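Visitor: give the three-dimensional model of this entry:
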Amino acid sequence: ITNSSNSGALTALTNRAVRLGGISGYMAAGNIYGCKNSGEITVSGAQTCVGGIIGFFGGTNLESSYNAAKVKATSIYSNAFLATYGAGGVVGVVNSGKSVKGCYFSATIRSDEDAESLTGKIIGKCNGLLSFDAAKMANNYFGGAAIDGDNNSNLTGKVLQFGTASWPKADMNGWGTGRG
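Guide: Now for the predicted structure:
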């Protein structure tokens, strides 16, 4: 998926598993380049994967994409197994070994306080990983994003807050011209 955008609000209220994103809900293979979302995303369901760009990413590369809209995820279950989900400013859940580069999130994200829920500025939950390889997770930023329930410590140091000391440069992977 290349250079796609969404500006419409998306809402899913169901008792089933939900995979929802501003550009795509689920991608098992392929790439996403230069996409943007500005439509608010609200999900209430079981085993939810919700992200500003994509809900569940099992593809290869996600680059030069951003979300500028609120993401809100809640579970309809109190059972920890059924309530497990990932909510991210860009990606809800990403599989092991995937590349996420040059992406940013500039809005707010809110999720349940449930211990099984993972919420993150860029990625909510990383399947099969204790931490990301720096070469596969680079130059991702967030700005002014208020986050409730942000407990995704495996991305510490890999997502930077916009500021005078950390602003993306054109020569950084994913921030140059061409894509985005």
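Visitor: partners of the helix or strand encompassing Gly124 in the sheet?
Guide: Here Gly124 is covered by strand 123-126, with elements defined by DSSP states H and E. According to DSSP bridges, strand 123-126 forms sheet pairs with strand 91-94 (parallel).
Visitor: how about Thr42, secondary structure?
Guide: Assigned with DSSP: H, G, I helix; E, B strand; the rest coil, Thr42 falls in the strand class.
Visitor: ok so, going back, who touches the strand holding Gly124?
Guide: Strand 123-126 is contacted from outside by 49-51, 85-88, 90-94, 96, 100, 111, 118, 132, 152, 154-155, using Cβ atoms under 8 Å, 6 or more residues apart in numbering. Yep, even glycine has a C-beta here, placed from its N, CA and C like the rest.
Visitor: lowest-pLDDT helix or strand in the protein?
Guide: strand 147-148 (a mean of 50; mean pLDDT, DSSP states H and E).
Visitor: quick one: low-confidence ranges for the protein?
Guide: Scanning the chain for pLDDT under 70 picks out 76-84, 112-117, 128-134, 144-180.
Visitor: ok, which stretches of it are helices?
Guide: Ranges of helices in the chain, per DSSP state H, are 80-83.
Visitor: residues in contact with the spatially closest residue to Ala138 that is not a sequence neighbour?
Guide: Excluding its sequence neighbours, the residue lying closest to Ala138 (Cβ to Cβ, 6 or more residues apart in numbering) is Lys101, at 4.9 Å. Contact analysis of Lys101 by Cβ under 8 Å, 6+ apart lists Asn61, Leu62, Glu63, Ser64, Lys136, Met137, Ala138, Asn139, Asn140, Asn173, Gly174.
Visitor: quickly note the distance from Lys101 to Gly45.
Guide: Separation of Lys101 from Gly45 (Cβ to Cβ, to the nearest Å) stands at 29 Å.
Visitor: still on that earlier bit, list the ones among the contacts of Lys101 that fall in strands.
Guide: When the contacts of Lys101 are checked against strands (DSSP state E), the matches are Asn61, Leu62, Glu63, Met137, Ala138, Asn140.
Visitor: by neighbours, which of the residues you listed wins?
Guide: Among these, the one with the most neighbours (other Cβ atoms under 10 Å) is Leu62, at 31 neighbours.
Visitor: residues touching it, list them.
Guide: Counted by Cβ under 8 Å, 6+ apart, Leu62 has contacts Asn31, Ile32, Ile53, Ile54, Val90, Val91, Val94, Lys98, Ser99, Val100, Lys101, Cys103.
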